[in-house]
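Colleague: here is my input; please provide its structure:
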Amino acid sequence: MKKKIVIIGGVAGGASAAARLRRLDEQSEIILFERGPHVSFANCGLPYYTGGKIADRDKLELLTPEDFYDHFFVDVRVREEVLSVNRGGGTVTVKSHNTGKTYTENFDILVLAPGAEPIQPNIEGINLNGVFSLRTIPDAMKIREYIDNTRPASAAVAGGGATGIEMAENLLDAGIKVTIVETLDQLISPIDYEMACIVHRYLESRGVKLILKNRVESIAENDGALKISLTDGAIQTDMLIMAVGVRPESDLARAAALELNERGGIVVGPDMCTSDPRIYAVGAAVETNDFVTSRRLSAALAGPANKQGRIAAGSICGLGENYRGIQGSAILKIFDMAAASTGINEKTAKKLSLDYDKSYTFSPSHAEYYPGAREMAVKIIYGKKDGKLLGAQIVGFEGVDKRCDVFATAIHGRMTVSDLGELELCYAPPFSSAKDPVNVAGFTAENALRGRVRNFHWHDVRNLPRDGSVQLVDVRDAREYAGGNINGFINIPLDNIRDSITELNKNKPVYICCRTGMRGYIASRILAQYGFEVYNLSGGCLLYNTVYPAPAAASAEIFPCRKPGTAQLHAMSRERPAHASRY
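Modeller: This next block holds a predicted model:
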């Protein structure tokens, strides 16, 4: 039956809904309203336009209104803003910013895709010249024009999420000194603190100044620059990017008395239908299920928005499709580095009181003997009883996206850490190792799950007694140990561990550390079979000293995200003996 379908909002959710609606239904009338000048644009590419990596603004526009009409016979009306929704009458009130006139349009089915809007704190000076937020192509054009016209020497970015870090990178690449101000004690909140510390060290090594646990309190003009008052102190800068987060833009839904959650997210069912059977909603403005935990949440991610648009279109056309939930898979480019995550993090696992465990591994991006291998840090969260994979985080360089995509697929397939070890993944020396980092993470977690090793973690180290009641042993070689070690740990190199068993007391627990945890695991297996109660530091000194940086002389050797040279590759070859199986 021919219907009149009105869509409010374009970009990922609205545009994908419109396109699939037409593919499924050639007869219905489809109208898409977009209050801005662009209906389908790459908002994730906006930071790269501001910094000049994307030189041509037109490349950000994926489909024009004319494209939509020619390809899909969809009536796209840009610069036309829907002011209100009359649910009972089945109409929307529209203001045309092209003509200044207001008119009504009726609908049989309505799809809301308003997205999320940048949070603009109610602080003094937020509207000053030189203060920007970033959501649309015009926003990006204003920032780029400001940079081109004023040539700022410095910039501050308020917010350490994806947009904030991408803006910091692009501003720095444009020759501007950058400071990031973040309210939390870490950047990139989807990953856990210790993994974020790797990013912190890398950003600082690239010249980005970090001010954590601070918020912008006010902004004022000062000698042609901006004085930014913080929770603790003040900084002066030439421009400020506000990237402190987003919130669902659900004013239309609220005014129409649709069901919302406490954060303003539009409540929808798995078919993307709202509390009104004629109205659907998709994208960053909706609340849906967390795929891993089934809790209700919202996410401003392009992938879920596209999928939700497809599901809404299918539901409208009677296909009976359901959205299975948000998994939160995301990746962030940080100069040469990448940080990726999928599923839940440890903070969420703790908050929900889940019975979970975790493991840390450091693996080369490809075979170590092939030039250019670089380590990636991998953290996985899994069920303590069933071993089901719940979440994964990776920080590294080459190959981070590939491995996180495998973890994301494993979570979607409800796989266990044992399954990870059994995956047959593509291998050739330029691309991976025979034991891929995903396999290694699975082996490591399974060893703990099956009781083959007992781990302790970076946050446990400082609470270990130094009174002799436990034995603290560093099994790295003497040169590594001399280059920097954890207070209280004595050095017994792995190759000497069997000869030194008589020096250890079987009546006292042994806590072992090495560089990344691999040699500690081997030492743990040796000592356990001689009757010792032994624990291994998961992630080793490498992770510990990233969270608690050692003096410069020592940290230079263990810093995980440098480009490997001969010395590091030699150390890595010692870490993974060619003649023995790691697991």
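
Colleague: residue contacts, Thr179?
Modeller: Under the criterion of CB atoms under 8 Å, 6 or more residues apart in numbering, the neighbours of Thr179 are Ser154, Ala155, Ala156, Val157, Val208, Lys209, Leu210, Ile211, Ile235, Thr237. Every residue, glycine included, has its C-beta placed from N, CA and C.

Colleague: surely it is in a helix?
Modeller: No. Assigned with DSSP: H, G, I helix; E, B strand; the rest coil, Thr179 falls outside any helix and is strand.

Colleague: which one of the contacts of Thr179 is nearest Gly283?
Modeller: When the contacts of Thr179 are compared for distance to Gly283 (CB to CB), Val157 wins out at 24.9 Å.

Colleague: relative to Ile180, how far out is the closest one?
Modeller: Distance from Val157 to Ile180, counting by CB to CB, to the nearest Å: 5 Å.

Colleague: which of the two has more residues huddled nearby?
Modeller: Shown here are Val157 and Ile180; by other CB atoms under 10 Å, Val157 has more neighbours (27 against 24).

Colleague: per-residue pLDDT of the residue of the chain most remote from its centre, please?
Modeller: With CA atoms, centre = their mean as the measure, the chain has its most outlying C-alpha, relative to the mean C-alpha position, at Thr502: 47.7 Å. We note a pLDDT of 93 for Thr502 in this prediction.

Colleague: ditto for Met572
Modeller: Residue-level confidence at Met572 comes out at 36, pLDDT.

Colleague: tell me how many other residues surround Leu21.
Modeller: Leu21 has 27 neighbours, counted by other CB under 10 Å.

Colleague: just to check, it is in contact with Ser315?
Modeller: No. With the criterion set as CB atoms under 8 Å, Leu21 and Ser315 do not qualify as a contacting pair; they are 10.5 Å apart.

Colleague: look up how far Ala42 lies from Arg57.
Modeller: The span separating Arg57 from Ala42 equals 11 Å under the rule CB to CB.

Colleague: neighbour count for the two, which is higher?
Modeller: Neighbours per residue (other CB under 10 Å) separate Arg57 from Ala42, with Ala42 holding more: 18 against 14.

Colleague: for the more buried one, list the residues it contacts.
Modeller: With the criterion set at CB under 8 Å, 6+ apart, Ala42 makes contact with Lys59, Leu60, Glu61, Leu62.

Colleague: what bridges to the third one?
Modeller: Following DSSP bridges, Glu61 is listed with bridge partners Phe41.

Colleague: residues contacting it?
Modeller: Counting by CB under 8 Å, 6+ apart, the residues that Glu61 touches are His38, Ser40, Phe41, Ala42, Ile137.

Colleague: go again using 10 Å as the cut-off
Modeller: Taking CB atoms under 10 Å, 6 or more residues apart in numbering, we find Glu61 in contact with Pro37, His38, Val39, Ser40, Phe41, Ala42, Asp67, Ile137.

Colleague: for this protein, name the helix or strand with the lowest mean pLDDT.
Modeller: Within the chain, no helix or strand scores below helix 566-575, which has a mean of 37 by mean pLDDT, DSSP states H and E.

Colleague: for this structure, which residues score under the pLDDT cut-off?
Modeller: 550-583 (pLDDT under 70).

Colleague: tell me which residue is most central in it.
Modeller: Ala330 (4.6 Å).

Colleague: separation between that one and Ala162?
Modeller: Relative to Ala162, Ala330 is positioned 7 Å away (criterion: CB to CB).

Colleague: now for these two: what residues contact both?
Modeller: Ile188, Pro190, Leu301, Ala339.

Colleague: how about those residues in JSON lines, adding neighbour count and distance to Tyr49?
Modeller: Compiled in JSON lines, the shared contacts of Ala330 and Ala162 are given as follows (neighbours: other CB atoms under 10 Å; distance: CB to CB, whole Å):
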{"residue": "Ile188", "neighbour count": "24", "distance to Tyr49": "22"}
{"residue": "Pro190", "neighbour count": "24", "distance to Tyr49": "24"}
{"residue": "Leu301", "neighbour count": "19", "distance to Tyr49": "20"}
{"residue": "Ala339", "neighbour count": "27", "distance to Tyr49": "22"}
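
Colleague: Ser28: which of those is nearest?
Modeller: Comparing the shared contacts of Ala330 and Ala162 against Ser28 with CB to CB picks out Leu301 as the nearest, at 28.5 Å.

Colleague: what's near enough to touch that closest one?
Modeller: With contact taken as CB under 10 Å, 6+ apart, Leu301 is in contact with Ala12, Cys44, Ala162, Gly283, Ala284, Lys307, Ile326, Gln327, Gly328, Ser329, Ala330.

Colleague: can you check Thr50 too?
Modeller: With contact set as CB under 10 Å, 6+ apart, Thr50 has these partners: 132, 134, 139-147, 166-167, 170-171, 174, 241.

Colleague: Ala299 versus that one, what's the distance?
Modeller: In this structure, Thr50 and Ala299 are 24 Å apart, going by CB to CB.

Colleague: for Met272, same thing?
Modeller: In this view, Met272 and Ala299 are 14 Å apart by CB to CB.

Colleague: same thing with His457?
Modeller: 28 Å.

Colleague: higher neighbour count, those two?
Modeller: The residue with more neighbours, out of His457 and Ala299 and counting by other CB under 10 Å, is Ala299; that gives 21 against 16.

Colleague: what's the closest non-adjacent residue to the more buried one?
Modeller: Leaving out its chain neighbours, the residue that sits closest to Ala299 by CB to CB, 6 or more residues apart in numbering is Ile326, at 4.8 Å.

Colleague: now swap in Val39 and tell me
Modeller: Closest residue to Val39 in three dimensions, ignoring its sequence neighbours and counting by CB to CB, 6+ apart: Gly10, at 3.8 Å.

Colleague: list the contacts of that neighbour.
Modeller: Contacts of Gly10 were listed using CB under 10 Å, 6+ apart, and they are 16-18, 32-36, 38-41, 62-63, 65, 68, 76, 78, 113, 115.

Colleague: inside strands: which ones of these?
Modeller: Within those, residues falling in strands by DSSP state E are Leu32, Phe33, Glu34, Ser40, Phe41, Leu62, Leu63, Val76, Val78.

Colleague: what residues are up against the second one?
Modeller: Contact partners of Phe33, counting by CB under 10 Å, 6+ apart, are 6-10, 14, 39, 75-82, 92, 94, 96, 105, 113.

Colleague: ok, it to Glu262 distance?
Modeller: Per CB to CB, Phe33 is found 28 Å from Glu262.
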